[in-house]
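S.K.: No letters, just coordinates:
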């Protein structure tokens, strides 16, 4: 998750609590669970109560775009997300429009092996569903870059009109907030399958709820977290006490990243942590943003295995490697020309 810390007291206290959780400093109950106070979060007993807390008086408030764009429910898996948004969708008293995708295999040789019914049943990460149910007024999440920086992967919109071949919507977030746009069906080709197929569908997903992974870069005032399914797989609940890395915080020498260090409003300028990133405006200082990374085991051409540090960003639609990595792994290079758009249109 991207972590942005502000200098106000509430953000500092919340960040400090997160550090204590990661470092294993908080006590646990007899089941090994960490108890939280009402000041940190509000626990609910059921899924319906969670929906009511995050989206109170849905029918009256759904017309308020500011209210709509500042809240969502987060969950670890897409199955939970689908279950939640279908419950919320039933509370909206408008007509439902159903859009079915057109799925086709790219090679004629695969036609008999992968029938259309099988392609329709595929629910893939980062790919819109075969059956997309939409209602006027509901928030949706854009799943592809259409017109950067206005319409990027992760942009939230509010549906204003549903046509047969287009969806009209209003942008809820970003520099083009308030603009009315038209979303067409586009061909989407997944690249994580043993065969190639194309899905023609609107690149949209209902945004009443979203996965924790997809919430990177979102700004929320009210966030409900559905933990009916554990966030970590068995044996992967890594804590600071178990971490063997020699790298430590440059400020307090504890086991966390320096950018996660809470700001102290009373501290001097010399003690403040600051992150400066490359920008089109030279010398301009940006907000602190921390992106998750992972060590990826890679096998080079000669069969040797190396560990490469990879940056994890769900908002990116292209993968890049540094020149030094290419040389390190002995990769072949092929020249081509491609247009690349980043945040801010750079």
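M.R.: Noted; the coordinates are in hand. Since we're looking at a predicted model, the values are computed, not measured.
S.K.: alpha carbons only for contacts and neighbour counts from here, please
M.R.: Fine.
S.K.: in the stretch 1-150 of the chain, which spans are helices?
M.R.: 9-22, 47-54, 58-61, 65-69, 78-89, 116-121 (DSSP state H, counting those that start in this stretch).
S.K.: meant to ask about the stretch 201-346 of the chain, not that
M.R.: Counting by DSSP H, counting those that start in this stretch, one finds helices in the stretch 201-346 of the chain at the ranges 323-329.
S.K.: Can you pull out the low-pLDDT segments for the stretch 201-346 of the chain?
M.R.: Screening the stretch 201-346 of the chain residue by residue with the criterion pLDDT under 70, one finds the ranges 230-245, 247, 255-291, 301-303, 313-318, 339, 341-346.
S.K.: where exactly do the strands run in the stretch 201-346 of the chain?
M.R.: Listed from the start of the chain, the stretch 201-346 of the chain has strands (DSSP state E, counting those that start in this stretch) covering 204-206, 209-211, 222-225, 293-299, 305-311.
S.K.: can you pull out the strands in the stretch 51-200 of the chain?
M.R.: When assigned using DSSP E, counting those that start in this stretch, the strands of the stretch 51-200 of the chain occupy the ranges 71-75, 96-100, 102-105, 131-135, 139-142, 156-162, 166-171, 180-184, 186-188, 197-201.
S.K.: nearest to residue 215, of these?
M.R.: Relative to residue 215, the nearest member of those by C-alpha to C-alpha is strand 71-75, separated by 7.6 Å.
S.K.: who does that closest one touch, helix- and strand-wise?
M.R.: With contacts taken as 3 or more C-alpha pairs under 8 Å, 6 or more residues apart in numbering; DSSP states H and E, strand 71-75 sits against helix 47-54, strand 209-211, strand 222-225.
S.K.: swap the cut-off to 10 Å and go again
M.R.: Taking 3 or more C-alpha pairs under 10 Å, 6 or more residues apart in numbering; DSSP states H and E as the contact definition, the neighbouring helices and strands of strand 71-75 are helix 47-54, helix 78-89, strand 209-211, strand 222-225.
S.K.: contact partners of it?
M.R.: By C-alpha atoms under 10 Å, 6 or more residues apart in numbering, the residues outside strand 71-75 that reach it are 50-51, 54-55, 80-81, 84-85, 139, 207-215, 218-231.
S.K.: cool, and stretch 77-84?
M.R.: Residues external to stretch 77-84 that are found in contact with it (C-alpha under 10 Å, 6+ apart): 47-48, 50-51, 73-75, 123-125, 205-213, 226-231.
S.K.: Alright, that wraps it up for me.
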